[in-house]
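J.: need coordinates for the below:
(2 chains)
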Amino acid sequence: MLCEIVDHHGGEATSLLQVLIDVQMRFRCVPAGVMTFLAEILHLPRTQIQAVVEFYSFLSVTSTGRFDVRFSDSVTDQLLGSRDLATRLCQRLGVKLGETRADDAVSVHLTSCTGLSDQGPAALVNGQVLTRLDGDRIVQMADFIDQEIDLDAWPKAWFRVEDQVQLEGLLLAEELPLGACLERAGTLDAVGIISEIDRSGLRGRGGAGFKTAVKWRFCYEGAEGTLPGDPSITRYVVCNADEGEPGTFKDRVLLSRNAHDVFEGMTVCARAIGALRGFLYLRGEYRYLLDTLLKVLEARRSRGLLGRNILGVEGFDFNIEIHLGAGAYICGEESALIESLEGKPGHPRNRPPYPVTHGYLGQPTVVNNVETFVAAARIMAFGADWFLSEGTAQSTGTKMLSVSGDCERPGIYEVPFGTPVSVVMHRCGADDPMGVQVGGPSGTFIGKAEFERILGFEDLSTGGSMMVFSQARDVVAIARGFTHFFAHESCGFCTPCRVGTSLLRQLIDKIAEGHGTPHDLVEMTQLAAIVKNASHCGLGQTAANPLMQTLERFPERYQERLKTTLFEPGFDLDGALEVSRQMTGRADANAHLTQVG
Amino acid sequence: MLTIDGVALSFEAGQTLMEAATAAGVYLPHLCHHPEFKPHGSCKLCTVKVNGRFASACTLPAAEGQEVLSETLELRQLRVRITQMLFVEGNHFCPSCEQSGDCKLQATAYALGMLDSHFPHFFPARRVDASHPDILLDLDRCILCELCVRASRDMDGKSVFGIAGRGMESHLVVDAESGALVDTVIEVSDRAVKICPVGAILIKRTAYEKPIGQRLYDHHPIQAVLLQADQGGGSCDQ
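T.: Presented below is the predicted three-dimensional model:
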């Protein structure tokens, strides 16, 4: 059976993560013996296999339940009561959160945002998506699980995922005729395609905003000392569909309703840079889309839109494979994503060199966001001027926003760049919110006074996440949730992020639980600067943003929680004695300490 | 030419900032960097400011006209904090550690003027693996620099060590289904055994051959030792 799985994925060392995902599905864990066996047949050090298994949240050494339930723990899911639902499910089933029940029937976990913030509370059960959970469903779910009723027999409505497109703009309103952009691309050479993309001003939609044409050109030119477009150099196109930023779900919607456009954009890029092979890196949370996406790829092959001599153009060859992620936010960072594609833990690489010259397997590689490829395909088909008709000088075109949280109409809003936040708030039916988290936890928290700021690379740069918070929400609790998220998702490679994010978590816990002092705020600010300045990649560099930005805008919300004393111990004295109490079997008053202050 | 703290120095094409600094006799603190290995860039002790931006000197290529700041109050403070982070995430009890006096973490802390651990200790529950007849693995002291991982893979050709887990759960693992060092192909003569900058990998029955007080960093500051070693003047490994 193992050999079948290995063969199915091609038997290469780079397929390790894909193999392990299937092993996990089959055995509900990756047994130690399997790791040893895989090390032998894939010719990999066993240590690498163990490293991968223990890195990704969806792989495990110990067995998960026959029903493995993972509640989305995004702040927006929490606002909708997800934590309470998880607790209730655990109680009904008699299982502890984070553990597997003794009879192996069920395990319940919390997991980072599953990309369904507009229809939460959401959860995954054996990789399938559950939306709009409520108390009644939890009761029924518990019964189904106890009776071991197959997922196929669960109500279909529970698994329904809606697109919820609330506002269509340039990208979404117009249908892209199949192959239209490839027909044009087929008539152009690399320089022609890149200059059209260049003229459109398209910048990366993942949030960083690097100019797409420049990325493609660097990749086409290759590493120093090589000839531009040298056909003997292998190049790769990678679509980053690891949409992990909490509160973002627009890539899920694009992959559901515009999959052809995504693949078309990748194919245009392949034509421009001279790539024969591409990958779509699909986050594990979106596994439910895999079969549909594979069918779309198959359809494109049979129509001559993928494969050899695309649309009859001699030498226009390109193929796309789909790789799955397995629960690791860091893999959205492009060099970590490439490591993951190579079957390794997702540790961001040192740069320079950059992926455009030294990417997948050390070869020139373009990594672009799903939305970027959709835009590129349309620019190719409709022309740069069409794209330039919307947006601002520095941020051309439109941006797809994923709106969730305290508003009447959550969902997808495609707006021209340059749109003020207030317009989006009005559209989505958010009356008088306290603030909005723009671009997810790694982005910017803005308060009401800043709602006239505009969405665009010149002001509020965003990958599209917009989480709305009403006046009733506790801003400290929100920032605390995001801080926990970063500590959980830190890859652990560099010291300041690995240790610093956990120290920040301790500090905000202390403050939120009412043990903080004025000194702790000073300490938090200093620590935040270290984590930001010294961290290896964007995760650590932005991990303290939620704390610092909310502290700056709502200092009173922090101060009202502080003790008036200057110093409080960073740990719970009485709690520290718990082990001793257990060991001595004591529970009397003398076995407890009261903390003064 | 580039400058470090205003002092001009020349460099060769292909050198990193760390290599250029070392060649010019400028010490930049480091623990994961080792001149015999490809730059790693994980400990972040060598963080400097280059033309106003933070960067790791061990991985950044030296380039014409770079204005590098190293011994500023901000960077000194940052390095002390990072060193303190390394202390509190593990279990480092210097007075009872076999490696005291030969430990690069301890010596770096002295060099940076670190006087306390500043942060609350995590006191993690970590393993001690005494299964091997000649080699002791005390993970309490591991700082995840990956030098043993790299030495075993790149020099010994064995890949005995690896780092598994994520974030604060990251930990050193060995190449054996049992998880025990004795079941790996490691040998006491391996480079990986001698490269540990702290006391996580020790050769049994040798710990006190040299008494505390007569050890390397008891008499020589790490700045001088590493500069000499990194310039090619011999190894300062165990």
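
J.: residues contacting residue A:353?
T.: residue A:223 (Cβ atoms under 8 Å, 6 or more residues apart in numbering or on different chains). For the C-beta atoms, the positions are set from N, CA and C on the backbone; glycine is no exception.

J.: and it, which of the three is it?
T.: Following DSSP: H, G, I helix; E, B strand; the rest coil, residue A:353 is assigned to coil.

J.: tell me the phi and psi of the residue of chain B found nearest chain A?
T.: Ranked by Cβ to the nearest Cβ, the top residue of chain B for proximity to chain A is residue B:162, at 2.6 Å. Residue B:162 adopts backbone torsions of phi -160, psi 170, taken as degrees, to the nearest 10.

J.: mind pulling up the pLDDT for it?
T.: With respect to pLDDT, residue B:162 has a value of 98.

J.: by residue count, what's the longest helix in chain B?
T.: helix B:73-89 (DSSP state H).

J.: contact partners of that one?
T.: Counting contacts by Cβ under 8 Å, 6+ apart, the residues outside helix B:73-89 that touch it are A:495-496, A:498-500, A:502-503, A:526-527, A:530, A:533-534, B:29, B:31, B:43-45, B:47-49, B:69, B:105, B:108-109, B:112-114, B:116-122, B:124, B:143, B:168.

J.: buried residues, it. List them.
T.: B:75, B:78-89 (16 or more other Cβ atoms under 10 Å in any protein chain shown).

J.: hmm, back to that, out of the contacts of helix B:73-89, which end up buried?
T.: A:495-496, A:498-500, A:502-503, A:527, A:530, A:533-534, B:29, B:31, B:43-45, B:47-49, B:69, B:105, B:108-109, B:112, B:114, B:118-119, B:122, B:143, B:168.

J.: burial of the closest residue to residue A:178 other than its chain neighbours, as a residue count?
T.: Excluding its sequence neighbours, the residue lying closest to residue A:178 (Cβ to Cβ, 6 or more residues apart in numbering or on different chains) is residue A:260, at 6.1 Å. Using other Cβ atoms under 10 Å in any protein chain shown, the number of residues around residue A:260 comes to 20.

J.: now residue A:260: which helix or strand?
T.: Assigned by DSSP states H and E, residue A:260 belongs to helix A:259-273.

J.: run the chain-centre distance for that helix.
T.: Distance of helix A:259-273 from its chain centroid, counting by Cα atoms, centre = their mean, to the nearest Å, is 22 Å.

J.: same question, stretch B:50-59
T.: That offset, for stretch B:50-59, works out to 19 Å (Cα atoms, centre = their mean).

J.: touching it from outside, list them.
T.: Contacts of stretch B:50-59 (Cβ under 8 Å, 6+ apart): A:350, A:533-534, A:536, B:16-18, B:21, B:28, B:30, B:32-33, B:39-41, B:44, B:46-49, B:60, B:66-70.

J.: mind giving me the domain split of chain B?
T.: B:1-121+B:214-238, B:126-207 (automatic domain parsing).

J.: looking at those, spot the one closest to residue A:169.
T.: Between residue A:169 and the domains of chain B, the shortest gap by Cβ to Cβ is with domain B:1-121+B:214-238, which sits at 35.7 Å.

J.: pLDDT of the closest one, averaged?
T.: 94.

J.: for the closest residue to chain B within chain A, which non-adjacent residue is closest in space?
T.: Minimum separation of chain A from chain B (Cβ to the nearest Cβ) falls at residue A:47, amounting to 2.6 Å. In space, and not counting its chain neighbours, residue A:47 is closest to residue B:162: 2.6 Å by Cβ to Cβ, 6+ apart.

J.: from what I see, that neighbour and residue B:149 are in contact.
T.: Yes - in this structure, residue B:162 is within contact of residue B:149 by Cβ atoms under 8 Å, at 5.9 Å.

J.: same for the longest strand belonging to chain A, what does it pack against?
T.: Longest strand in chain A by number of residues (criterion: DSSP state E): strand A:398-405. If contacts are counted by 3 or more Cβ pairs under 8 Å, 6 or more residues apart in numbering or on different chains; DSSP states H and E, strand A:398-405 sits against helix A:75-79, helix A:170-173, helix A:250-257, strand A:411-416, helix A:421-428, strand A:465-469.

J.: any chance of the ones you listed in TSV, with mean neighbour count too?
T.: Converted to TSV, these look like this (neighbours: other Cβ atoms under 10 Å in any protein chain shown):
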stretch	mean neighbour count
helix A:75-79	25
helix A:170-173	19
helix A:250-257	23
strand A:411-416	22
helix A:421-428	19
strand A:465-469	28
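
J.: need those in JSON lines (columns: distance to chain B).
T.: Formatted as JSON lines, the helices and strands packed on strand A:398-405 follow (distance: least, Cβ to the nearest Cβ, whole Å):
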{"stretch": "helix A:75-79", "distance to chain B": "19"}
{"stretch": "helix A:170-173", "distance to chain B": "35"}
{"stretch": "helix A:250-257", "distance to chain B": "23"}
{"stretch": "strand A:411-416", "distance to chain B": "31"}
{"stretch": "helix A:421-428", "distance to chain B": "29"}
{"stretch": "strand A:465-469", "distance to chain B": "22"}
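
J.: out of the ones you listed, which comes closest to residue A:365?
T.: Of all the helices and strands packed on strand A:398-405, helix A:250-257 comes closest under Cβ to Cβ, at 19.2 Å.

J.: mind giving me the packing neighbours of that closest one?
T.: helix A:259-273, helix A:370-382, strand A:398-405.

J.: hmm, try it at 7 Å
T.: helix A:370-382 (3 or more Cβ pairs under 7 Å, 6 or more residues apart in numbering or on different chains; DSSP states H and E).

J.: for the helix it packs on, packing partners?
T.: Helix A:370-382 packs on helix A:170-173, helix A:180-187, helix A:190-200, strand A:236-241, helix A:250-257, helix A:259-273, going by 3+ Cβ pairs under 7 Å, 6+ apart.

J.: what's the next secondary structure element after the helix or strand of chain A with the lowest mean pLDDT?
T.: Lowest mean confidence among the helices and strands of chain A (mean pLDDT, DSSP states H and E): helix A:573-576, at a mean of 84. Going down the chain from helix A:573-576, the next helix or strand is helix A:578-584, by DSSP H and E.

J.: got the CA positions of that following helix in PDB?
T.: C-alpha atoms of helix A:578-584 as PDB (Å, rounded to 0.1, in the frame of the first residue of the first chain):
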ATOM      1  CA  GLU A 578       0.400  22.300  41.100                       C
ATOM      2  CA  VAL A 579       2.900  19.500  40.200                       C
ATOM      3  CA  SER A 580       4.000  19.400  43.800                       C
ATOM      4  CA  ARG A 581       0.400  19.100  45.000                       C
ATOM      5  CA  GLN A 582      -0.300  16.300  42.600                       C
ATOM      6  CA  MET A 583       2.900  14.400  43.600                       C
ATOM      7  CA  THR A 584       2.100  14.700  47.300                       C
END
